[in-house]
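A.B. asks: using only what follows, build the 3D model:
(one chain, ligands or ions: 1)
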Amino acid sequence: YSEEDLYRPNFHFTPKKGWMNDPNGMFYYNGYYHLFYQYYPDSNVWGPMHWGHAISTDLITWTEKPIALYPDEKGYIFSGSAVVDVKNTSGFGSLKNPPMVAMFTYHDMKKEKAGETNYQSQGIAYSLNEGLTWTKYEANPIIENPNIKDFRDPKMTWDAIHQQWIMVLAAGDKTMFYRSKNLKEWELLSDFGKDIGAHGGVWECPDFFPILVEGSDDYKWVMLLSINPGGPNGGSATQYFVGDFDGKTFTLDKTFSQDLKEQEALYIDYGRDNYAGVTWANISEVDGRKLFIGWMSNWQYAEKVPTEKWRSSMTIPRELSLVKENGRYRIAFQPVRELNNYISKTIKKETLKIDKETIITDQSLVDLSKVEIRFTLKGLKKDVYTFSFSNKSKNTLRFGINTKDKYFFIDRKNSGDLSFSDVFANTVSKAPFTEDFATMEVKVIVDKTSIEVFYNNGKTVMTEIFFPEKPMETFTVSKANFNFSVENLIINQLNFN
Ligand code: FRU
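C.D. replies: Predicted structure coming up:
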């Protein structure tokens, strides 16, 4: 197998060549979803950061465009965000041709090497041709470093509730909020997060937005916040907070404060490979969905995974919602529905009785390197329910539910090449479940080198990558003790030709 054949994902975005990390600056405009990303074209490890660029009409098939932002004498171009300035508040464009405005972090390597702490500041750039080319603002940086070592990853949003631009950035062990009238001058409002949530690592890549609580007219404000290291299964992970924002200050909802007394943090994904994810701007003009994408890797081993030509891919884009259940707020994710447009064949089974290890499907029926699988588990007892993808090279990727000890898991200990890192498969990754489930609804998305599992409408998600020696050929289910049944099984073959 060539690296392309074996490892290049079928339907997850990867750059043709070079290194990629965080998604940056996503917005929607004029029929296109734009995705920018931390990019180093000249190597397959992290280096002088650029913003790469790709566009899509459906969030699934992407076309790479020329590099959007290059590092310059002020520094590398670290993560940030972009908005379509529809009212031309910045004056960079016109009402007829609104500018796209990006804010990024300048990371000044010279200052860092000289031992100074003030080497990260914020700069802006604008585009008058739908993000194809960008002009950096001559008065950069627009936000100077206030002597905070980690001061980065600005995320801008139009706050329609308070009629202002707002921006949140990560500042070490907290986030800081700003507001603006013109995207150029920013006023510091408040900060959030000291001693709140998980602090096992530095805070990075915040996102902050209002969202309607599903099935109601109430809305809440949500913060996504990436931390590295200190994730629940090691390394990088993204936690979230739910609360209220009065235009200046973010306050946790009472119920969420209670949640944080019961567990250190809530994570949008308990797998090890969903980091630095944020949401798209300017989607409301389409259909108001809140759309998210994350970097499908982990700083623990991202630079060592066994691909040479490119490194890293993005998660499947996901629709984010906020649900209220039993008085508690939870974020839920679903893969975007556009994936359904690629279904070429469906296999259905109403009831599958499992009394030993049972093969659900194999390569004679579906290509397991591009599938979406859904099923319902009913009448679960205290047991361990294991689903596995395997091949004749004896590689096995397992995921499932341990209802005895109350966790979901992904186990990639035998999933193929592990030689590149000691920690890649050192433990089984786990996600807690706190409720009692009689019925468990499961959705799984599998590409050549990734698995994304959505439990119970996406209230618990686990995303992980793996590197098999040959493609996975068989999908099996087994149980430890009690017989059970898999109901309403649907296997959707996806096709991208
Ligand atoms: C997160 C991150 C950001 C930073 C970028 C640099 O993965 O560390 O905080 O802006 O990567 O590439």
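A.B. asks: next one: the closest residue to N30 other than its chain neighbours from N97, what distance?
C.D. replies: Once flanking residues are discounted, N30 sits nearest to E130: 6.3 Å by C-beta to C-beta, 6 or more residues apart in numbering. For the C-beta atoms, the positions are set from N, CA and C on the backbone; glycine is no exception. Noted for E130: a distance of 10 Å to N97, by C-beta to C-beta, to the nearest Å.
A.B. asks: which one's more surrounded, these two?
C.D. replies: Between E130 and N97, E130 has the larger neighbour count (other C-beta atoms under 10 Å), namely 17 against 11.
A.B. asks: show the contacting residues for the residue sitting furthest away from the middle of the chain.
C.D. replies: For the chain, the residue at maximal distance from the C-alpha centroid (C-alpha atoms, centre = their mean) is D355, at 36.7 Å. The contact partners of D355, by C-beta atoms under 8 Å, 6 or more residues apart in numbering, come to N483.
A.B. asks: check the secondary structure at D42 for me.
C.D. replies: coil (DSSP: H, G, I helix; E, B strand; the rest coil).
A.B. asks: can I assume it is in contact with G18?
C.D. replies: Yes: under the criterion of C-beta atoms under 8 Å, D42 makes contact with G18 at 6.8 Å.
A.B. asks: between the two, who's got more neighbours?
C.D. replies: G18 (21 against 10).
A.B. asks: closest point of the stretch 301-450 of the chain to the ligand, which residue?
C.D. replies: A302 (8.8 Å; C-beta to the nearest ligand atom).
A.B. asks: give me the pLDDT value at that residue.
C.D. replies: You'll see A302 listed with a pLDDT of 98.
A.B. asks: pretty sure it sits against S312.
C.D. replies: Yes: with contact defined as C-beta under 8 Å, A302 counts as touching S312 (6.0 Å).
A.B. asks: show me the contacts for R330.
C.D. replies: R330 neighbours (C-beta under 8 Å, 6+ apart): 266, 322-324, 459.
A.B. asks: what's around Q493, how many residues?
C.D. replies: Around Q493 there are 18 residues (other C-beta under 10 Å).
A.B. asks: correct me if wrong, but the residue nearest to N30 is in a strand.
C.D. replies: No: using three-state DSSP, the assignment for E130 is coil, not a strand.
A.B. asks: distance check, it against D287.
C.D. replies: E130 is 20 Å from D287, by C-beta to C-beta.
A.B. asks: same thing with G200?
C.D. replies: 37 Å.
A.B. asks: those two - which one has more neighbours?
C.D. replies: Set G200 next to D287 and count neighbours by other C-beta under 10 Å: G200 wins out with 15 against 9.
A.B. asks: doesn't P229 make contact with that one?
C.D. replies: Yes: using C-beta under 8 Å, G200 makes contact with P229 at a distance of 6.1 Å.
A.B. asks: mind listing the strands in the stretch 101-250 of the chain by residue range?
C.D. replies: According to DSSP state E, counting those that start in this stretch, the stretch 101-250 of the chain carries its strands in the segments 120-127, 135-136, 152-159, 164-171, 174-180, 187-192, 202-212, 219-228, 237-245, 250-252.
A.B. asks: can you check the stretch 301-450 of the chain too?
C.D. replies: Under DSSP E, counting those that start in this stretch, the stretch 301-450 of the chain gives strands at 310-311, 318-325, 328-335, 343-354, 358-362, 371-378, 384-390, 396-402, 407-414, 429-432, 439-447, 450-455.
A.B. asks: most packed of those strands?
C.D. replies: strand 450-455 (a mean of 25; mean count of other C-beta atoms under 10 Å).
A.B. asks: return the list of strands paired to that strand, each annotated with direction.
C.D. replies: Using DSSP bridges, strand 450-455 pairs in its sheet with strand 439-447 (antiparallel), strand 460-465 (antiparallel).
A.B. asks: for it, C-alpha coordinates in CSV please.
C.D. replies: Provided in CSV are the C-alpha atoms of strand 450-455 (Å, rounded to 0.1, in the frame of the first residue of the first chain):
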residue,chain,number,x,y,z
SER,A,450,-10.3,7.7,12.0
ILE,A,451,-13.3,6.8,14.0
GLU,A,452,-15.9,9.3,15.4
VAL,A,453,-18.5,7.9,17.7
PHE,A,454,-21.6,9.8,18.7
TYR,A,455,-23.7,8.4,21.5
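A.B. asks: how far out from the middle of the chain is that strand?
C.D. replies: Here strand 450-455 is found 12 Å from its chain centre; the criterion is C-alpha atoms, centre = their mean, to the nearest Å.
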